[in-house]
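Asks: here is a sequence with its predicted model. Questions after.
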There are 2 protein chains.
Amino acid sequence: MELQDNAPKLRRKARGRPRGWDDKTAQNTIKSLDRAMEVFEYLSQAQGKALTELSDEMRQAPATVYRILVTLQGRGLVEFDHEEQVWHIGPQAFVIGSRFLRRTSLVERARPIMRKLMETTGETANLGIEKEGLVLFLSQVETHESIRAFFPPGTLSPMHASGIGKALLAHMDEDRLNRRLAAANLQAFTDQSITSPEALKKDLTTIRLRGFSVDNEEKTTGMRCIAAPVFDINREAVAGLSVSGPTSRVGATEVERLSRPVMEAARQLTLAIGGTVLSPQP
Amino acid sequence: MELQDNAPKLRRKARGRPRGWDDKTAQNTIKSLDRAMEVFEYLSQAQGKALTELSDEMRQAPATVYRILVTLQGRGLVEFDHEEQVWHIGPQAFVIGSRFLRRTSLVERARPIMRKLMETTGETANLGIEKEGLVLFLSQVETHESIRAFFPPGTLSPMHASGIGKALLAHMDEDRLNRRLAAANLQAFTDQSITSPEALKKDLTTIRLRGFSVDNEEKTTGMRCIAAPVFDINREAVAGLSVSGPTSRVGATEVERLSRPVMEAARQLTLAIGGTVLSPQP
DNA sequence: TTATATTTTTCATATCATGAAATAGTCTTT
DNA sequence: AAAGACTATTTCATGATATGAAAAATATAA
């Protein structure tokens, strides 16, 4: 885990909680700039296009798109390929974009999203990553209920008996998964625990298809857990978000209801860390 | 109603070598967009600034900077930190910027080669290219050791004090090298830094002859780095591969041992991108 | 050559970006 | 609590400048 948030210069004092300025009303946007950024964004996912292709597809005048590109080119944000006569994203865009990473950690980004997740579901929200074949719980926002699921941050837990763990396994590439399964022994913690590689693989397929995993009292009797994966820029599952609670509140019927907000939270966190959202498909 | 636009849009034939359009005259730039991009760029290297700090430092009207930021925020290119009331680069900038790497298959092709290089040497492997007289680090596979060399992707570094940089310089043609040396001032970062053009040229000759370069604590005291160039089809050095580690593990005697796998990895990457292998001779 | 496609430049027009200043919101001090 | 001191938004009048149409320039094709 990398937490490198070493703000040396104390900016201004942290204020309490501003209210009125919170929402940038977005009526103050600059139209021409927004259009230019639309071109920038479009080009980034449709690289190698000629000017007229771009202007056609974006329904903008060629002259306009041309000037936008030339301007961005001046700063290295886009690049013109002389051989092919087409446009690409430039190195400076990479340099600037990379500076995004030097700031906040996954945990910080997750915090507000987890808080909201806890509020909408009423259950404890958890964040975990994989570490050496185990799930490492990084952060938790606890429910107000008096019966709670509790994983102190720093807890390590086997992947096959954890909602987050299974969500991560479900998106692991075949090779790594097989090696993992060959090495690991699937310890039983309860009579619900998955102990055979075949059963686990079947569950993982289901998880991949529907987009979330369920820990059905597989680690602790009386506790259910619904988790969804968080992806990085390379579409790799790097973390998982979950809610967990006692079976008394989280019945089998609640699973469907709770899965929506969990998946939505995972989607939001994926976007917040600059990841690529993967729609639940095989 | 929208008119459908389902033309097959076959790419266009690669043209020979256009002459007249090569230089975008840069008189067609859009002023307001350029100013906005200046704010974007400035913010990226001075993150965590409040609106007025930015507008003061950039000598722009607060209202103008404000509208630029709000517009960019609308696309996630910048972000507003409500706690601190300051601005940062946003996740979408990272997403777009990262698409620069997709342009060439260099990074993709390099990835498995770098992983293997890291495993055989035990040290962090790096991939870099030249960008405007600097080395731009594109990708990294980190060692498992707890003491690591760390160049986050996106980092820029002077060429004369970098293993990859020197490997690239060593294969630059005489003219360009001389112009480069005339223009650049060879800044000293440590007492090992090469600061005279003569010394650098001599080192470059050595590098060309033996096929790899060594950064002997020239940028950072306590860090050594061994690098080799990657060539394209025209025998031009377009990238460099390196391993870097602390002097405690990478002693002067290790250099010889590590140089083999580095050169081999560079050779493999050269082949992987369809380049022409250049056997180490003048 | 001529014809066609694509990229630049020119130019007239009115859009809309701009900064000054007013207003609103927040923190600090009394 | 209220005033004072900042900072962030919004308003508004103005003209700078972004825009698209069309012409010119440059390339490809026949």
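Replies: Looks like it arrived, so ask away.
Asks: wait, residue A:106 sits on residue A:241?
Replies: No. Using C-beta atoms under 8 Å, residue A:106 is not in contact with residue A:241, being 10.6 Å away. All C-beta atoms are positioned from the backbone trio N, CA, C, and that covers glycine.
Asks: regarding chain A, what is its longest helix?
Replies: helix A:254-272 (DSSP state H).
Asks: which parts of the stretch 51-200 of chain A are helices?
Replies: Assigned by DSSP state H, counting those that start in this stretch, the stretch 51-200 of chain A shows helices spanning A:51-58, A:62-74, A:91-98, A:106-121, A:163-170, A:174-183, A:197-210.
Asks: picking that back up, more neighbours, residue A:106 and residue A:241?
Replies: Using other C-beta atoms under 10 Å in any protein chain shown as the criterion, residue A:106 and residue A:241 rank with residue A:241 on top: 32 against 21.
Asks: pLDDT at the more buried one, what is it?
Replies: Residue A:241 carries a pLDDT value of 97.
Asks: and the host helix or strand of it, what does it pack against?
Replies: Under the criterion of DSSP states H and E, residue A:241 resides in strand A:237-246. On a contact count with 3 or more C-beta pairs under 8 Å, 6 or more residues apart in numbering or on different chains; DSSP states H and E, strand A:237-246 meets helix A:106-121, strand A:124-131, helix A:163-170, strand A:223-231, helix A:254-272.
Asks: partner strands of it, with direction?
Replies: strand A:124-131 (antiparallel), strand A:223-231 (antiparallel) (DSSP bridges).
Asks: for DNA strand D, what are the nearby residues on the stretch 51-200 of chain A?
Replies: A:60-64, A:67-68 (C-beta under 7 Å from any atom of the strand).
Asks: weed out the non-buried ones from those residues.
Replies: Neighbour counting by 16 or more other C-beta atoms under 10 Å in any protein chain shown classes A:60, A:64, A:67-68 among these as buried.
Asks: now what about the helix or strand of chain A with the lowest mean pLDDT, what contacts it?
Replies: Every helix and strand of chain A was ranked by mean pLDDT, DSSP states H and E. The lowest is helix A:174-183, at a mean of 86. Identification of contacts with helix A:174-183 by C-beta atoms under 8 Å, 6 or more residues apart in numbering or on different chains yields A:133, A:159, A:169, A:172, A:197, A:200-201, A:204.
Asks: now stretch A:185-200
Replies: Contacts of stretch A:185-200 (C-beta under 8 Å, 6+ apart): A:158, A:160-161, A:166, A:169, A:181, A:203, A:216-221.
Asks: determine which of the helices and strands packed on strand A:237-246 approaches residue A:51 most closely.
Replies: helix A:254-272 (30.4 Å; C-beta to C-beta).
Asks: how close does residue A:34 sit to DNA strand C?
Replies: Using C-beta to the nearest atom of the strand, to the nearest Å, residue A:34 is found at 8 Å from DNA strand C.
Asks: so which helix or strand takes in that residue?
Replies: helix A:31-45.
Asks: buried residues in that helix?
Replies: Buried-residue list, helix A:31-45, by 16+ other C-beta under 10 Å: A:33-37, A:39-44.
Asks: cool, stretch A:190-208 as well?
Replies: A:193-194, A:197, A:200-201, A:203-204, A:207-208.
Asks: quick one: those as a markdown table, columns for pLDDT and distance to residue B:78 too.
Replies: As requested, the buried residues of stretch A:190-208 are exported to a markdown table (pLDDT from 0 to 100; distance: C-beta to C-beta, whole Å):
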| residue | pLDDT | distance to residue B:78 |
| --- | --- | --- |
| A:193 | 95 | 47 |
| A:194 | 95 | 45 |
| A:197 | 92 | 47 |
| A:200 | 95 | 43 |
| A:201 | 95 | 43 |
| A:203 | 96 | 41 |
| A:204 | 96 | 38 |
| A:207 | 96 | 35 |
| A:208 | 95 | 34 |
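Asks: taking the residues you listed together, which two end up most distant?
Replies: The farthest-apart pair in the buried residues of stretch A:190-208, when distances are taken by C-beta to C-beta, is A:193 and A:208, at 20.5 Å.
Asks: with just CA atoms, put the longest helix of chain A into CSV.
Replies: Below are the C-alpha coordinates for helix A:254-272, written out as CSV (Å, rounded to 0.1, in the frame of the first residue of the first chain):
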residue,chain,number,x,y,z
GLU,A,254,-31.7,-8.6,1.5
VAL,A,255,-28.8,-9.6,-0.7
GLU,A,256,-30.4,-8.4,-3.8
ARG,A,257,-31.3,-5.1,-2.3
LEU,A,258,-27.9,-4.5,-0.8
SER,A,259,-26.0,-5.5,-3.9
ARG,A,260,-27.0,-2.4,-5.8
PRO,A,261,-25.5,0.2,-3.5
VAL,A,262,-22.4,-2.0,-3.1
MET,A,263,-21.8,-2.2,-6.8
GLU,A,264,-22.5,1.5,-7.2
ALA,A,265,-20.0,2.3,-4.5
ALA,A,266,-17.4,0.1,-6.1
ARG,A,267,-18.1,1.8,-9.4
GLN,A,268,-17.6,5.2,-7.8
LEU,A,269,-14.4,4.3,-6.2
THR,A,270,-13.1,2.8,-9.4
LEU,A,271,-13.7,6.2,-11.1
ALA,A,272,-12.3,8.1,-8.1
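Asks: contacts for it?
Replies: Residues contacting helix A:254-272 (C-beta under 8 Å, 6+ apart): A:106, A:109-110, A:113-114, A:116-117, A:120-121, A:123, A:125, A:210-212, A:214, A:224, A:226-231, A:239-243, A:250, A:275-277, A:280, B:76, B:91.
Asks: are the helix holding residue A:34 and chain B in contact anywhere?
Replies: Yes. Helix A:31-45 reaches chain B (C-beta under 8 Å from any C-beta of the partner chain) through A:32-34, A:36-38, A:40-41, A:44-45.
Asks: tell me how many other residues crowd whichever residue of the stretch 151-282 of chain A sits closest to DNA strand C.
Replies: Of all residues in the stretch 151-282 of chain A, the one sitting closest to DNA strand C is residue A:272 (23.3 Å; C-beta to the nearest atom of the strand). For residue A:272, the neighbour count with other C-beta under 10 Å is 20.
Asks: repeat for residue A:59
Replies: 8.
Asks: setting aside sequence neighbours, what's the nearest residue to residue A:30?
Replies: Leaving aside its chain neighbours, residue A:30 sits nearest to residue B:71 (4.7 Å; criterion: C-beta to C-beta, 6 or more residues apart in numbering or on different chains).
Asks: residue A:277 touches residue A:231, doesn't it?
Replies: Yes. In terms of C-beta under 8 Å, residue A:277 counts as a neighbour of residue A:231; the distance is 6.8 Å.
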